[in-house]
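Novice: sequence unavailable; structure follows:
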């Protein structure tokens, strides 16, 4: 009787655990879908439907998110700029959320889409911020539409940099490929990943040394957890993730010397994607570009949030000009 009792008790405990996990997952997934279902608009443009959200008043700033993002990620990451008196226009790039993935989803085509969105909003000229995998289309936009860019910020940019033996510009941390083929294909697996392997998510997805988070302030920990949470739901971002992986795996060198816009680049030396090298290289070839370099903080700049946002806000306000020259 004792082993039967133990077996029943074990089955009841397992069933209870499964029920609790299922309820918790469903609650969080419903919350994630509710977040992306509100607060944005789809503009119908000659470049197709483009999802966006606007916050704040003042000079416009087009916010171009990184991998795993969407308008919600862009708004979350750069919301502190509202305090500088800027108006954030956060876009969902090709394949993310309600912006479809067209046949041509290159960085050049995305730059055209940025112009189409500004046209739809009646914005002649704007500053633009490209974060991580949003940097290629941001840089292309500044080259293709130079008179429409009042200033450009490239934040931890996934851009070309010469490396020995023709190694890729963007470094792939250990575990990234595995998570891309597992957790980033499933809402449930991605929801589960930070709960059972948080350090792996920090290093492989956020490209940030996990120990930085453990020594960070409570406010910084909350910011990073929100960034992880905002990758959910994964399913409506999956096509954009795949497209970003294709673009960043073969980054060409753009005509940096032709960039006309005042440019600020931000890089952190311990960024596990290696974007510090790209930021330094790009800054060295864009005329008059300013490069902010930090020794630590990882790809999500832990411990540097206030300083970086203040620097970006001040830079954009100094160079804001809503009219075409």
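Specialist: Structure received. Computed from a predicted model, the values in this text were never measured in an experiment. Numbers count the residues shown, from 1 in each chain.
Novice: contacts, neighbours, all on C-alpha from now
Specialist: OK.
Novice: centre of the chain to stretch 81-100, how far?
Specialist: Distance of stretch 81-100 from the chain centroid (Cα atoms, centre = their mean, to the nearest Å) equals 10 Å.
Novice: what's whichever strand or helix holds residue 228 packed up against?
Specialist: For residue 228, the host element (DSSP states H and E) is helix 218-229. With contacts defined as 3 or more Cα pairs under 8 Å, 6 or more residues apart in numbering; DSSP states H and E, helix 218-229 has these neighbours: helix 71-78.
Novice: show me what the helix it packs on is packed against.
Specialist: strand 48-55, strand 60-64, strand 87-91, helix 218-229.
Novice: list the buried ones in the longest one?
Specialist: For helix 218-229, the neighbour count (16 or more other Cα atoms under 10 Å) marks 220, 221, 223, 224, 227, 228, 229 as buried.
Novice: for residue 205, find the nearest of the helices and strands packed on helix 71-78.
Specialist: Proximity to residue 205 (Cα to Cα) singles out helix 218-229 among these, at 8.8 Å.
Novice: which of the buried residues of helix 218-229 lies closest to residue 197?
Specialist: Distances from residue 197 to those, taken by Cα to Cα, are shortest for residue 228, at 12.6 Å.
Novice: in contact with the nearest residue to residue 52 once chain neighbours are set aside, which residues?
Specialist: Distance criterion Cα to Cα, 6 or more residues apart in numbering; nearest residue to residue 52, sequence neighbours excluded, is residue 91 at 4.3 Å. Shown in contact with residue 91 (Cα atoms under 8 Å, 6 or more residues apart in numbering): 50, 51, 52, 53, 62, 63, 64, 65, 70, 71, 74.
Novice: residues contacting the first one?
Specialist: The contact partners of residue 50, by Cα under 8 Å, 6+ apart, come to 42, 43, 44, 91, 92, 93, 98, 99, 100, 113, 117.
Novice: how close does residue 147 sit to residue 186?
Specialist: In this view, residue 147 and residue 186 are 42 Å apart by Cα to Cα, to the nearest Å.
Novice: make that residue 120, sorry
Specialist: As judged by Cα to Cα, residue 120 and residue 186 stand 34 Å apart.
Novice: residue 202 too?
Specialist: Distance, residue 202 to residue 186, by Cα to Cα: 18 Å.
Novice: neighbour-wise, which of those two wins?
Specialist: residue 202 (23 against 17; other Cα atoms under 10 Å).
Novice: can you tell me the element that one falls in?
Specialist: According to DSSP H and E, residue 202 maps onto helix 198-204.
Novice: need the three-state assignment for the residue nearest the centre of the chain.
Specialist: Nearest to the geometric centre of the chain sits residue 66, at 2.4 Å (Cα atoms, centre = their mean). Secondary structure state of residue 66, per DSSP: H, G, I helix; E, B strand; the rest coil, is coil.
Novice: list the residues that contact it.
Specialist: Contacts of residue 66 by Cα under 8 Å, 6+ apart are 74, 130, 131, 132, 133, 134, 135.
Novice: what do you get for residue 244?
Specialist: Residue 244 neighbours (Cα under 8 Å, 6+ apart): 67, 133.
Novice: show me where the stretch 51-200 of the chain has its helices.
Specialist: Taking DSSP state H, counting those that start in this stretch, the helices of the stretch 51-200 of the chain run over residues 71-78, 107-121, 135-144, 176-181, 187-196, 198-204.
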